[in-house]
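> predicted structure and sequence below. I'll ask about it afterward.
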Amino acid sequence: MSKIIKIIHIVPSSFGGGVEAAAKSFLNYACKSFIFKVIFLQNKKSENQYISYILSLKIIFEKNPDIILTSLWKSNLITLIYKLMSPKTKIILFLHSTRNKHFLDKLMTSLAAFFAFEIWADAESTLKERLERLSFLKYQKTQSKNIKNKRVISFVTKKLEPFNKKLCNPSFIYWGRLSPEKNIDIAIELFYKIFRIEKKSFFTIIGPDYGVKDSMISKIDKLGLKENIIIYDFMSLEEIIKFANASCFFIQLSSYEGMAMSVSEAMQLGLIPIVTPVGQISSYCKNMQNSLIYSDNDDEIVSNILYIISSQEEFSRIRKEAIKTWQYTNLYKSDIISEFETISKSMK
């Protein structure tokens, strides 16, 4: 009888961010070739982080996996600890951003990449740009050890039905982490320039705080936008969709990204994204075709936004193109299953 391969996916926490959302969309799976399970190192914000990580490590030992799929640096740390004590376990490193957030991120991700037998990414740009920023891989190349398989996994977790065709109005939304690299302060400043012309403008911001919420509130107060911008804590996508249905534009002005899951979700729903061309976004968002590309020229982007608001025909055209962008994309779950089927066969 063929061996069933045991695979676990280690994710730092169960709240906030595209990585966590993707993991929640595919928690468990079993077939004749492999058994797959997601383990969150921390399930509640109130949990003691270090105790929860120790308990998770205990669970990993009990599962005794053949393969660990690891996402983000804290997961990489736990995976490397387990690898030291169980050398036969194979590591698959899953990359989700084009940049390292800090030194520990670079160190843990570099070590995980060094010991990994495969490296996955949520986009081609993530794979190419992030690997160039990691250490130790150059050593492997000089030692003729650059034999790792590299795969791009779709980060579209589900196909979303677009909202019914609507009239355009100056309503904006963002959902995702409230973290420095998302540049939400710049999005607020851009919204303010629209608000000065369109007084009925409204901006909804949804997401868990990663250190910038207080400064956002301060900026909103300073600009006199308390009645026009509202901030909500983390919500499920189902809850977010209720708010998105009242919006026409999605704003995300990140300094860097990988696939940018929330942008793809917004486009599927029929929102027009206002984005910076970073990470994979530059490959699927085209200015004044299916999106609006933000640059340092605020006057141009403000003019384009106001033009779309004033032209129902233009709004409908760009909205339609945004929806079409994701019609034939593979789903995250199907890509994961397909790749693990291939890997399982090679291990038997």
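Sure, I can see it.
> tell me who's in contact with residue 19.
11, 12, 71, 72, 96 (CB atoms under 8 Å, 6 or more residues apart in numbering). In this view, the C-beta of every residue, glycine as well, is placed from N, C-alpha and C.
> residues of the stretch of helix or strand it belongs to that come out buried?
Using DSSP states H and E, residue 19 falls within helix 18-25. Neighbour counts using 16 or more other CB atoms under 10 Å place 18, 19, 20, 21, 22, 23, 24, 25 of helix 18-25 among the buried residues.
> in terms of model confidence, name the weakest of those.
Among the buried residues of helix 18-25, residue 18 carries the lowest pLDDT, at 85.
> what's next to stretch 41-51, contact-wise?
Under CB under 8 Å, 6+ apart, the answer for stretch 41-51 is 10, 11, 12, 13, 14, 15, 52, 53, 56, 74, 75, 78.
> how much space between the last one and residue 4?
For residue 78, the distance to residue 4 under the criterion CB to CB, to the nearest Å works out to 24 Å.
> who has more neighbours out of the two?
Under the neighbour definition other CB atoms under 10 Å, residue 78 and residue 4 were set side by side, and residue 78 has more, 21 against 15.
> and the helix or strand containing that one, what does it pack onto?
Counting by DSSP H and E, the element that carries residue 78 is helix 73-85. Identification of packing neighbours for helix 73-85 by 3 or more CB pairs under 8 Å, 6 or more residues apart in numbering; DSSP states H and E yields strand 5-13, strand 34-42, helix 49-63, strand 67-71, strand 90-95, helix 103-115.
> the closest residue to residue 127 other than its chain neighbours bridge partners, please.
Spatial nearest neighbour of residue 127, excluding adjacent residues (CB to CB, 6 or more residues apart in numbering): residue 121 at 3.8 Å. Beta-bridge pairing for residue 121 (DSSP bridges): residue 95, residue 152.
> dump the residue contacts of residue 121.
94, 95, 96, 127, 130, 150, 151, 152, 153, 258.
> do residue 134 as well
Applying CB under 8 Å, 6+ apart, the residues near residue 134 are 100, 106, 109, 110, 113.
> what about it, distance to residue 37?
Residue 134 is 27 Å from residue 37, where distance means CB to CB.
> re earlier: looking at the residue nearest to residue 127 now. What's its pLDDT?
95.
> how about residue 146?
54.
> I'd say residue 292 and residue 277 touch.
No. With contact defined as CB atoms under 8 Å, residue 292 does not reach residue 277; the gap is 10.8 Å.
> all strands for the stretch 201-348 of the chain, in order.
Listed in chain order, the strands of the stretch 201-348 of the chain (DSSP state E, counting those that start in this stretch) span 202-206, 229-232, 249-252, 272-275, 292-293.
> who's in contact with the nearest residue to residue 111 once chain neighbours are set aside?
Sequence neighbours aside, residue 80 is the residue nearest to residue 111 in space, at 5.7 Å (criterion: CB to CB, 6+ apart). Contact analysis of residue 80 by CB under 8 Å, 6+ apart lists 108, 111, 112, 115.
> how close does residue 80 get to residue 227?
50 Å.
> what of residue 18?
31 Å.
> one step back: which two among the contacts of stretch 41-51 are spaced furthest apart?
Farthest pair in the contacts of stretch 41-51 (CB to CB) is 15 and 78. Separation: 17.7 Å.
> so what's residue 7 up against?
34, 35, 36, 37, 65, 66, 67, 68, 69, 340.
> pLDDT at it, what is it?
97.
> least confident secondary structure element in the chain?
The weakest-scoring helix or strand in the chain, judged by mean pLDDT, DSSP states H and E, is helix 137-142 (a mean of 54).
> could you give the number of residues near the residue nearest to residue 337 when sequence neighbours are not counted?
Nearest non-adjacent residue to residue 337, counting by CB to CB, 6+ apart: residue 29, 6.7 Å away. Neighbours of residue 29 under the rule other CB under 10 Å: 15.
> identify the bridge partners of residue 29.
residue 36.
> low-confidence bits of the stretch 51-200 of the chain, can you list those?
Where the stretch 51-200 of the chain drops to pLDDT under 70, the residues are 136-147.
> the same query, at a cut-off of 80, please.
Within the stretch 51-200 of the chain, the stretches with pLDDT under 80 are 135-148, 165-166.
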